[in-house]
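Engineer: can you look at this prediction? I've put the sequence above it.
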Amino acid sequence: MGSSSEDMLKRFAEHLQTQEGTFISLSSGVREYNQFFEIPGELSDLSGQQKQVLLEVLRAIGNCKLDQLIFDDVPGAELLSSEEWDYFFSSLLSRQSSSLEISVQCTLYSTVCTHVGAFVAKSSTLEVLYLSFPADVRSRVRMIPLSTAAVRALSEGLVQTKCLKKLYVFNKEGEMVDVLTSAFTGDVRNTSVEYLHLPGNLERLGIALPVLLSSNNQNLKEICLDLDWEEVTQGVVDEFRMVAESFRTRESSVADASRKVFLQSICDTTAKFTEDVGRRVFSCLDSWADASERAPMLKTNLKLNFTGSGLGEQGNVKLGGEIKGWFLRAVNRYIHLNGLQVTLGWMWDAVVDMDNFLLLCESIQSNESVESLYIWYNGSEAIVDRKCWTHLFHCLRHKRRLKELIFYDEYAGDETFRSLMDLLQVNIYLEDVNLADMDKWESEGKCAMVKEALRRNRAQASYFSSLRDARLPFENA
């Protein structure tokens, strides 16, 4: 197709909007283009054809109103000139939806980020930005680092934006630290971002985190570090020690009272677990706990996935048991544990026996800091007969700091429901019980009964709170 055929291009843009709705990636746009114009595969493999196709796709995307755009790897992208990228982003600026998300996850990371930075500065609707390398190469290959121009463009874009609310950074390279420290500190800095997500294995984390916490961006309320224990090297352990050391001498700031920093430690039974891995993860958590003693805004979330994926081989069941033991020790060990997430799958019985589940429940009961608990079971019906949920809910009865319970088990029956309602009769401080996707309970009216119990509890808790605040003598209360 010739690029002069504006009518055909307009028809394709309309087709793209219909097919993809408000979400599109470059690769899906190219795929739709080839199907729409019936381009043979042998032609689309030619470099010249690849570039022309991508240019037409970018022009079409520029004529769409999108909520989410993903820059992923597509043939021909490396052939585009800086002027051609500029033209696309200029077109995108003129056709924005009320809110926009952009995700950069391509091998041309530095090139695209240079233009994304300028777009961030000018956009009036970009609310969410994801910066990450492609998932299939991120863990194996060190990508070409951000150029000086890309670092400068991203920093300036983050400083100038007035609408960006959430920034997710997934690549660990140290150049990103230069971007963040430039954008969030100094006299001229970002003032719009409310949520910042960083990788736990970020290079120079020991330098970056204390600097970010000193930011005077009053809107920045939450920073989250994702620590995937597969990626915990000795270098990561050393960075966490630097974090702990920095908090020994750090002076508190005005923003500390309203800012939270969450460390999310993620364990998955589908991956390889060794004693050395466990030791390194514990070293990171110990350093974080040490820092938490001096900085109450530092919180810890633990996540464990017993999903069953990849656990069919007998050897891996033993690995799951080792992870289980590690996780139980972690729950017992960290007094600043604020969130706990346990996902159980079809192989759960082979990995965590009932005795160990009871130990987990007792660990949750003894850890006074847990504010959020996530229990998700997506396996066979057999677990219901073990009355494990009854024991779990019993252990939560007197946990006054627990504010949120997220629970899912499609086979949960009347006994589980009664145990949950018994919990709500005793623990009036539990503010939210999320029963999303519990369709059977919803149809039977059980979810509505839980909501009504929570409403009554909130009223009762408010009444008791007003009595405490009034400081009335006992006989007048």
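Structural biologist: Yep, it's here.
Engineer: would you say Asp73 is within a helix?
Structural biologist: No - the assignment for Asp73 by DSSP: H, G, I helix; E, B strand; the rest coil gives coil, which leaves it out of any helix.
Engineer: ok, the nearest residue to Met242 once chain neighbours are set aside - how many residues close by?
Structural biologist: Using C-beta to C-beta, 6 or more residues apart in numbering and skipping residues adjacent in sequence, the residue nearest Met242 is Gly206, 2.6 Å away. Placement of C-beta: from N, CA and C, glycine included. Gly206 has 18 neighbours, counted by other C-beta atoms under 10 Å.
Engineer: Gly206 and Phe240 touch, don't they?
Structural biologist: Yes - look at Gly206 against Phe240 with C-beta atoms under 8 Å: they come within range, at 7.4 Å.
Engineer: who touches both of the two?
Structural biologist: Counting by C-beta atoms under 8 Å, 6 or more residues apart in numbering, no residue touches both Gly206 and Phe240.
Engineer: shaky segments in the stretch 151-300 of the chain?
Structural biologist: Applying pLDDT under 70 to the stretch 151-300 of the chain flags the ranges 253-255, 267-273.
Engineer: for it, what spans make up the helices?
Structural biologist: Ranges of helices in the stretch 151-300 of the chain, per DSSP state H, counting those that start in this stretch, are 175-184, 205-213, 234-249, 275-294.
Engineer: just send those helices back as a markdown table, with distance to Asp414 too.
Structural biologist: Output for these, formatted as a markdown table (distance: least, C-beta to C-beta, whole Å):
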| stretch | distance to Asp414 |
| --- | --- |
| helix 175-184 | 52 |
| helix 205-213 | 48 |
| helix 234-249 | 47 |
| helix 275-294 | 39 |
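Engineer: separation between Phe247 and Ser94?
Structural biologist: Phe247 sits 47 Å away from Ser94, taking C-beta to C-beta, to the nearest Å as the criterion.
Engineer: between these two, who's got more neighbours?
Structural biologist: More neighbours surround Phe247 than the other of Phe247 and Ser94, with 20 against 8 (other C-beta under 10 Å).
Engineer: still on that earlier bit, of the helices of the stretch 151-300 of the chain, which is nearest Asn457?
Structural biologist: helix 275-294 (29.7 Å; C-beta to C-beta).
Engineer: average pLDDT for stretch 68-82?
Structural biologist: Computed over stretch 68-82, the mean pLDDT rounds to 87.
Engineer: list the contacts of it.
Structural biologist: Counting by C-beta under 8 Å, 6+ apart, residues outside stretch 68-82 touching it are 22-27, 30, 44-45, 47, 50-55, 61, 92, 100-108, 112, 114-116, 134.
Engineer: let me see the confidence value for Leu311.
Structural biologist: pLDDT at Leu311 comes out at 34.
Engineer: meant to ask about Leu92, not that
Structural biologist: Looking at Leu92, the pLDDT reads 85.
Engineer: quick check: the gap between the residue positioned nearest the centre of the chain and Ile102.
Structural biologist: The C-alpha lying nearest the average C-alpha coordinate of the chain belongs to His197 (C-alpha atoms, centre = their mean; 7.1 Å). Separation of His197 from Ile102 (C-beta to C-beta): 15 Å.
Engineer: so Glu175 touches Val151, yeah?
Structural biologist: Yes - Glu175 is within contact range of Val151, at 5.7 Å (criterion: C-beta under 8 Å).
Engineer: more neighbours: those two, which one.
Structural biologist: Val151 (21 against 18).
Engineer: quick one: contacts for the more buried one?
Structural biologist: Contacts for Val151 were tallied using C-beta under 8 Å, 6+ apart; they are 175, 178-179, 182.
Engineer: again, but for Cys224
Structural biologist: By C-beta under 8 Å, 6+ apart, the contact list for Cys224 reads 195-198, 261-262, 264.
Engineer: likewise for Glu101?
Structural biologist: By C-beta under 8 Å, 6+ apart, the residues touching Glu101 are 67-69, 126-130.
Engineer: 10 Å instead, please
Structural biologist: Shown in contact with Glu101 (C-beta atoms under 10 Å, 6 or more residues apart in numbering): 22-23, 66-70, 126-130, 166, 168.
Engineer: then Leu167?
Structural biologist: So Leu167 contacts 120, 128-131, 158, 161, 179-180, 183-184, 190, 192-198, 220 (C-beta under 10 Å, 6+ apart).
Engineer: with Cys447 instead?
Structural biologist: By C-beta under 10 Å, 6+ apart, Cys447 lies in contact with 417, 433, 435-436, 438-441.
Engineer: CA atoms only: put stretch 71-84 into PDB for me.
Structural biologist: Output of stretch 71-84 as PDB, limited to C-alpha atoms (Å, rounded to 0.1, in the frame of the first residue of the first chain):
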ATOM      1  CA  PHE A  71       6.100   0.100  22.800                       C
ATOM      2  CA  ASP A  72       7.300  -3.400  22.300                       C
ATOM      3  CA  ASP A  73       9.700  -4.900  19.700                       C
ATOM      4  CA  VAL A  74       8.600  -4.800  16.100                       C
ATOM      5  CA  PRO A  75      10.500  -5.200  12.800                       C
ATOM      6  CA  GLY A  76      11.600  -2.000  11.300                       C
ATOM      7  CA  ALA A  77      11.700   0.100  14.500                       C
ATOM      8  CA  GLU A  78      15.500   0.300  14.500                       C
ATOM      9  CA  LEU A  79      15.200   1.900  11.000                       C
ATOM     10  CA  LEU A  80      13.100   4.900  12.100                       C
ATOM     11  CA  SER A  81      14.800   8.200  12.300                       C
ATOM     12  CA  SER A  82      14.600  10.700  15.200                       C
ATOM     13  CA  GLU A  83      12.400  12.900  13.100                       C
ATOM     14  CA  GLU A  84      10.000  10.100  12.300                       C
END
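Engineer: in it, what counts as buried?
Structural biologist: Neighbour counts over stretch 71-84 (16 or more other C-beta atoms under 10 Å) mark 71-77, 80 as buried.
Engineer: and which of the residues you listed is nearest Met8?
Structural biologist: Within these, proximity to Met8 (C-beta to C-beta) peaks at Gly76, which comes in at 19.1 Å.
Engineer: how about the strands in the stretch 301-450 of the chain?
Structural biologist: Assigned by DSSP state E, counting those that start in this stretch, the strands in the stretch 301-450 of the chain fall at 337-344, 372-377, 404-409, 432-434.
Engineer: pull the residues that contact the third one.
Structural biologist: Contacts to strand 404-409, defined as C-beta under 10 Å, 6+ apart, come from residues 339, 341, 343-344, 370-379, 381, 383-384, 388-389, 392-393, 396, 399, 416, 420, 423-424, 427, 430-438, 441, 450.
Engineer: check the offset of that strand from the chain's centre.
Structural biologist: Remark: strand 404-409 is offset 18 Å from the chain centroid, using C-alpha atoms, centre = their mean, to the nearest Å.
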